[in-house]
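Undergrad: Need coordinates for the following:
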Amino acid sequence: MSNQRHHDALLALRRRLFGYACALCPDMASAEDLYQDAMLRAMTARSVPTDQTAFRVWVFRIMRNLWVDRLRAAGRLPDLTTDDAIDGNIAIDRADDLTVNRLAVRQAFMKLAKPHRDVLALVDIAGFSYAEASEILDVPQGTIMSRISRARASLAHSLQDNDKVVALPLAQGKLGIRG
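TA: This is a model prediction of the structure:
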């Protein structure tokens with residue numbers, strides 16, 4: 001892949017890649033750092049896949065591996081079923097329905113088990129196919145399908161139990177939180 005095509009392909013993925021970083025990290029600063037490190041690693045790579053699908057999988061795998069490396073370096077490859085940074089008693093003063101929904105979805109998402117967050121981040125947020133997510137996470141496609149089903153059900157159940165949540169517009173059974 002030529003340098004210009006490589007650069008253009010990375011630019012085309014930047015929003016999805018940043019969304020994935022936000023799904024992996026507990027705060028915006030960490031997500032921005034992870035995103036920048038992944039982009040730098042991808043831009044300076046000596047060998048780059050030429051196939052568009054393989055390129056996308058490669059870039060997202062770089063980000064995921066950087067994230068795992070950071071957790072290992074910090075000595076906390078976590079269970080990540082909860083997040084201490086998210087308080088269940090978030091004070092919402094006159095927030096509109098969209099803001100309330102985003103906070104509720106984010107809070108419920110962060111309470112999911114790590115494998116469920118991983119698969120939702122790749123399929124529903126970043127827009128990868130089951131086959132691509134299977135390749136990125138290095139698990140069988142059937143595992144992706146069962147995890148996504150359980151993760152969506154768990155997320156829906158969690159949101160249903162939250163009395164502050166206003167009905168979310170779900171697109172095609174997905175989270176509908178791209179943006």
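
Undergrad: lowest average confidence, helix or strand, in this protein?
TA: helix 97-111 (a mean of 70; mean pLDDT, DSSP states H and E).

Undergrad: Which positions within the helix or strand following that one qualify as buried?
TA: Using DSSP states H and E, the helix or strand that follows helix 97-111 in sequence is helix 114-120. By neighbour count on 16 or more other Cβ atoms under 10 Å, the buried set for helix 114-120 is 115-120. Heads up, the C-betas are built off the backbone N, CA and C, glycines and all.

Undergrad: Show the contacting residues for residue 123.
TA: Residue 123 sits next to 129-130, 133, 144, 148, 174 when contact means Cβ atoms under 8 Å, 6 or more residues apart in numbering.

Undergrad: do that again at 6 Å, thanks
TA: Contacts for residue 123 (Cβ atoms under 6 Å, 6 or more residues apart in numbering) come out as 133, 148.

Undergrad: now residue 133
TA: 122-123, 144.

Undergrad: In helices, which of the residues you listed appear?
TA: Among those, DSSP state H puts residue 144 in helices.

Undergrad: Next, the buried residues of stretch 46-59.
TA: 48-49, 55-59.

Undergrad: got the residues you listed as TSV, with distance to residue 159 and secondary structure columns?
TA: Converted to TSV, the buried residues of stretch 46-59 look like this (distance: Cβ to Cβ, whole Å; DSSP: H, G, I helix; E, B strand; the rest coil):
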residue	distance to residue 159	secondary structure
48	40	coil
49	37	coil
55	34	helix
56	29	helix
57	30	helix
58	33	helix
59	30	helix
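
Undergrad: and which of the residues you listed is nearest to residue 16?
TA: Using Cβ to Cβ, residue 56 comes nearest to residue 16 of the buried residues of stretch 46-59, at 8.4 Å.

Undergrad: From residue 150, how far out is the closest residue to residue 9 other than its chain neighbours?
TA: Nearest residue to residue 9 in three dimensions, chain neighbours excluded: residue 55, at 5.6 Å (Cβ to Cβ, 6 or more residues apart in numbering). Going from residue 55 to residue 150 by Cβ to Cβ, to the nearest Å gives 30 Å.

Undergrad: ok, residue 49 touching residue 55?
TA: Yes. Taking contacts as Cβ atoms under 6 Å, residue 49 lies within contact range of residue 55: 4.6 Å.

Undergrad: ok so, going back, wait, which of the contacts of residue 133 is closest to residue 158?
TA: For the contacts of residue 133, the nearest to residue 158 is residue 123 (17.9 Å; Cβ to Cβ).

Undergrad: Quick check: the gap between the closest one and residue 141.
TA: From residue 123 to residue 141 the distance is 11 Å (Cβ to Cβ).

Undergrad: Same check on residue 132?
TA: 10 Å.
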